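# Need coordinates for the below:
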Amino acid sequence: MPKLTIDGTEIEVDAGLTVLQACELAGKEIPRFCYHERLSIAGNCRMCLVEMERAPKPIASCAMPIGEGMVIRTDTDTVKKARNGVMEFLLINHPLDCPICDQGGECDLQDQAMAYGFDRSRYQENKRAVEDKHMGPLIKTIMTRCIHCTRCVRFATEVAGVPELGLLGRGEKAEITTYLEKSLDSELSANVIDLCPVGALTSKPYAFVARPWELSKTESVDVLDAVGSAIRVDARGTEVLRILPRLNEPVNEEWLSDKGRYACDGLRRQRLDRPYVRRDGKLQPASWDEAFAAIRDRVQGVQGSRIAAIAGDQCDAESMLALKELMTRLGSPNVDCRQDGAKLNPAVRASYLLNSTIAGLEDIDAVLLVGTNPRWEAPLVNTRLRKAWLHNGLRAGIIGQQLDLTYPAEYLGAGPDTLTAVARSAHPFADTLRQADKAAIIVGMGALARPDGEAVLGTARDLAQAVGAVRQDWNGFNILHTAAARVGALDLGFVPGPSGRDTAQILSGASNGEIDVVYLLGADEIHHSHFGKAFVIYQGHHGDAGAHRADVILPGAAYTEKNGTYVNTEGRVQLGRRAAQPVGDAREDWTIIRALSDVLGQSIGFASLADVRKRLVEVNPVFDEVGEVTGAEWTDFGGGQVTDAPFELPIANYYQTDPISRASETMAACTRDFAQADTARTGTDG
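Below is the predicted model:
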């Protein structure tokens, strides 16, 4: 390990670091604009200049590798003069619009100008002006502010995998552009806003909405996909104004998908803010007592076998536990969390987890994607696979639809017959998996949400064992979920009990009159025609598909309006926290079910959130390991005969997959802007 001296203090650091990194380890703050620890080194802002012994002039610390015996000085008059000069040059052409700039209060240039700026300008020439660029409905551009740090260019090329940004021209005529003046076509595009150190790239939907010091900031988790990205919810009063990513290395690093960031405006639209009861064929506003009385009058005397409950994709574990307890007391075994019909085995935890973990996917060198499009279903899982391709030479194979995943992928076939061939070593890709140090199989809902899903699951298990993807020190068998609630529900056992009905059987029973009452807990992906004449209770936060057919509506809280527990696709237990109050008369979901249970005379007995969480741990100790991934035992699961039908992807439109994003004007704008590109993408060969 090399030793070097920084400002008179000797420090020993790992080989391969840069001088800037070594200075930070020594506790020295080095200003920078172009350097970012997750991007390649550009070395073009020159703000990080330091003095190095025997060097004729200051060096860019971000681009200089450390060496044995180096003597670095970061606080000399020469260094300060150099940084002041760089700042003066940066401000020559920068517009004086801080009072109306959305980056104000969060601007790196603003902060560093306080330390290294000059109180007046020595230049009389006209400032340089640059035409604004079109980057789509999410990113607002004011390119005159751009300082050419190229962070956005490097992110688009290296992390997002869409090399659509670049620097054209030279000298005074250099400009950052999208080349063809089109929208930045990536599910991660808005991360360039966080990366931009000035106000050149800002949030278009958030423009002129609020200042950062006006907002209350709450740490929570994203539930619009199953990744469970760490987020910060910024609210003013009762209104969520924006959502930003939060650092969480094992899950989302510091990135966030565009849907998770921008669908929050859907929280203000089409909300259910009061109970409703259907009278004379129409839903009429009602009080809580009236809504509960209507349910009590209909449920009393109904046999438990004729009552059913389905949990949706964004439910917290507390509400699902409360509903399961209520159904048990009513004598109903008909509960299910798999509203898409996915054939997942709740008895074997390893059969429904991303066992490699999200961060662990960076280490694989071969992967088989079965019935999944990670670029839409989990963009931040796809970035890990891209990183594995960049660093490990990952070889990827696809069974299902042909896709552009931002990294090369070999198309193997369309359906289970190809998967069977690979499992039986009758396909060359089996050798690719067998020869890999760490191989992975990722199975999506497109392969499992079908009649032969259990057989597909068993075939994938056989393949994982045959190629050595599962061994003592590594489990490369992975399920990629699309629903944030799914793993937590399976951990709770929110599945049919003995002689109970699953989702398909509940719907068929409702259609033919065998099921009299159906309780939908945020279940919005089921068409209303399936319920027949059954009495439908809908509890949720948006007037989406589930509410249209309901006989009684109970307004619940959205994920930003309640404290809830969620388990992501890798089995990591995470806590969401309340950032705003529920709208109108809406209440937290578990409290609604608790109150209803009292009215029905079947009290579930929870007096507080602590009581519910205590019961969660009793049902499954996994819920006591908040923030951790608990390993799962590998045993046999799945089986049966596969069919010849090709796999279909579970997501047709990335931007509108749930009640919140379907109510979002921003996501609607993205759908209009990217519809043609998305159609082309799913039909191209990766």
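# Give the bridge partners for Val277, please.
Gln284, Val552 (DSSP bridges).
# wait, it sits on Asp551?
Yes: look at Val277 against Asp551 with Cβ atoms under 8 Å: they come within range, at 7.4 Å. Where C-beta positions appear, they are placed from N, C-alpha and C, glycine not excepted.
# which residues are in contact with both of the two?
Taking Cβ atoms under 8 Å, 6 or more residues apart in numbering as the criterion, Val277 and Asp551 both touch Ala294.
# Tell me where the model's unsure across the stretch 1-150 of the chain.
Applying pLDDT under 70 to the stretch 1-150 of the chain flags no residue at all.
# just the chain next, same as before
For the chain, counting by pLDDT under 70, the residues that fall below are 676-686.
# Could you give the number of residues near Gly27?
10 (other Cβ atoms under 10 Å).
# Kindly report the same for the one 4 residues further on.
Using other Cβ under 10 Å as the criterion, Pro31 is surrounded by 17 other residues.
# Can you mark which positions in stretch 143-153 are buried?
Thr144, Arg145, Cys146, Ile147, His148, Cys149, Thr150, Arg151, Cys152, Val153 (16 or more other Cβ atoms under 10 Å).
# Nearest residue to Cys98 in space, please, no chain neighbours.
Gly104 (5.4 Å; Cβ to Cβ, 6 or more residues apart in numbering).
# and what of Thr372?
For Thr372, the closest residue by Cβ to Cβ, 6+ apart turns out to be Gly444, at 2.4 Å.
# Could you report the distance from Met143 to Asn191?
18 Å (Cβ to Cβ, to the nearest Å).
# Kindly check the end-to-end length of stretch 558-576 for me.
Start and end residues of stretch 558-576 are separated by 11 Å (Cα to Cα, to the nearest Å).
# Pull out the buried positions in that stretch.
558-574, 576.
# List just the nearest of the buried residues of stretch 143-153 to Asp289.
Using Cβ to Cβ, Cys152 is the member of the buried residues of stretch 143-153 that lies nearest Asp289, at 55.1 Å.
# From Ala160, how far out is that closest one?
10 Å.
# go on, Tyr411?
Distance from Tyr411 to Ala160, by Cβ to Cβ: 22 Å.
# who has more neighbours, these two?
Neighbour totals were compared for Tyr411 and Ala160, and Ala160 leads with 25 against 15 (other Cβ under 10 Å).
# Helices of the stretch 551-686 of the chain, start to end?
589-599, 609-619, 659-662, 665-681 (DSSP state H, counting those that start in this stretch).
# how near is Val192 to Tyr407?
Applying Cβ to Cβ to Val192 and Tyr407 gives a distance of 20 Å.
# repeat for Pro582
Pro582 is 42 Å from Tyr407, by Cβ to Cβ.
# Likewise for Gly631?
Distance from Gly631 to Tyr407, by Cβ to Cβ: 28 Å.
# The two: who's more crowded?
Tyr407 (18 against 13).
# mind listing what that one touches?
Gly161, Leu385, Arg386, Trp389, Leu390, Leu394, Ala396, Gly686.
# which residue packs closest to the first one, ignoring adjacent ones?
With sequence-adjacent residues excluded and distances taken as Cβ to Cβ, 6+ apart, Gly161 is closest to Thr406, at 2.7 Å.
# doesn't Val159 make contact with that neighbour?
No: assessed by Cβ under 8 Å, Thr406 is found out of contact with Val159, at 9.3 Å.
# Now do the shared contacts for those two.
Joint contacts of Thr406 and Val159 (Cβ under 8 Å, 6+ apart) are Arg386.
# Neighbours of Pro408, how many?
Pro408: 11 neighbours (other Cβ under 10 Å).
# thinking again about what came up before, which of the contacts of Tyr407 are buried?
Judged by 16+ other Cβ under 10 Å, buried ones among the contacts of Tyr407: Gly161, Leu385, Arg386, Trp389, Leu394, Ala396, Gly686.
# Next, work out how far apart Ala113 and Asp119 are.
Ala113 is 10 Å from Asp119, by Cβ to Cβ.
# ditto for Trp634
Taking Cβ to Cβ, one finds Trp634 at 66 Å from Asp119.
# More neighbours: which of those two?
Neighbour count, other Cβ under 10 Å: between Trp634 and Asp119, Trp634 has more, with 19 against 4.
# who touches the spatially closest residue to the more buried one that is not a sequence neighbour in this structure?
Counting by Cβ to Cβ, 6+ apart, Trp634 lies nearest to Ala350, which is 4.8 Å off, once chain neighbours are set aside. Residues near Ala350 by Cβ under 8 Å, 6+ apart: Asn475, Phe477, Ala632, Glu633, Trp634, Thr635, Phe637.
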